[in-house]
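> Build me a structure from this.
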Amino acid sequence: MSVTIDVEGFAELEKALDNLSKSAGKAVLRRALKKAAQPTADLARSMAPVKTGKLAKSVIVGTRLDGRQARIHRRMFRDDKAAVEMFVGPSYLRGDGGRHGHLVEFGTSKMAARPFMRPAWDQDKNAMLERLSDELWAELEKSIRRAEKRAAKLAAKG
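Sure thing, here's the model as predicted:
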């Protein structure tokens, strides 16, 4: 399933990011996305059904997918050259709980669905986009200040 979100006011942000190196710009985006998405992950953790507690502990914000997820993602976004991607959800990398997160979320023939990721997203998406905007500007300003400081230091050395 794909979700499309239209946001406004990011053109100025993109122009400001163009003033940074590619790696610095990606780092800004990565840090801002992680900070903005963390409350959504926390909300999903609190909504996860508790049997052993492993599922809730496995919900993370990260850049990595497991092998199967990565293959599906590559097929879905083959032509999309996104600069930075961040994922929120159960991770198999963080214990056994994440391996079965999709079964809990969507259910099986023997088990009713107990969604926790989608309700967390639905409840937090607008606030997350606001946080993302704020975090992007804050991270961008910090990165620009660091770059200016480095340039001044290099100029002083001569």
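> Run through this protein and note the low-pLDDT ranges.
For the chain, the stretches with pLDDT under 70 are 1-9, 80-82, 93-98, 158.
> for it, what's the longest helix?
Looking across the chain with DSSP state H, the single longest helix is helix 117-157.
> Could you name the helices and strands sitting against that one?
Packing partners of helix 117-157 (3 or more C-beta pairs under 8 Å, 6 or more residues apart in numbering; DSSP states H and E): helix 11-18, helix 22-47, strand 87-90, helix 101-106. (Glycine included, C-beta is placed from N, CA and C.)
> ok, then the element right after the longest one?
It stands for helix 22-47. helix 54-58 (DSSP states H and E).
> Next, the buried residues of the helix or strand that that following helix is followed by.
Sequence order places strand 59-62 as the next helix or strand after helix 54-58, per DSSP H and E. For strand 59-62, the neighbour count (16 or more other C-beta atoms under 10 Å) marks Val59, Ile60, Val61 as buried.
> ditto for stretch 54-70
Lys54, Leu55, Ala56, Lys57, Ser58, Val59, Ile60, Val61, Leu65.
> Identify the residues contacting that stretch?
30, 33-34, 37-38, 40-41, 44-46, 48-50, 73, 84-98, 100-101, 104, 117 (C-beta atoms under 8 Å, 6 or more residues apart in numbering).
> Run through the residues that contact the most centrally placed residue in the chain.
The chain has Met86 as the residue nearest its centroid, 3.1 Å off, counting by C-alpha atoms, centre = their mean. Applying C-beta under 8 Å, 6+ apart to Met86 gives the contacts Arg30, Leu33, Lys34, Ala37, Val61, Gly62, Thr63.
> Kindly report the same for Pro115.
By C-beta under 8 Å, 6+ apart, the neighbours of Pro115 are Glu105, Phe106.
> Check the spacing between it and Glu105 real quick.
5 Å (C-beta to C-beta, to the nearest Å).
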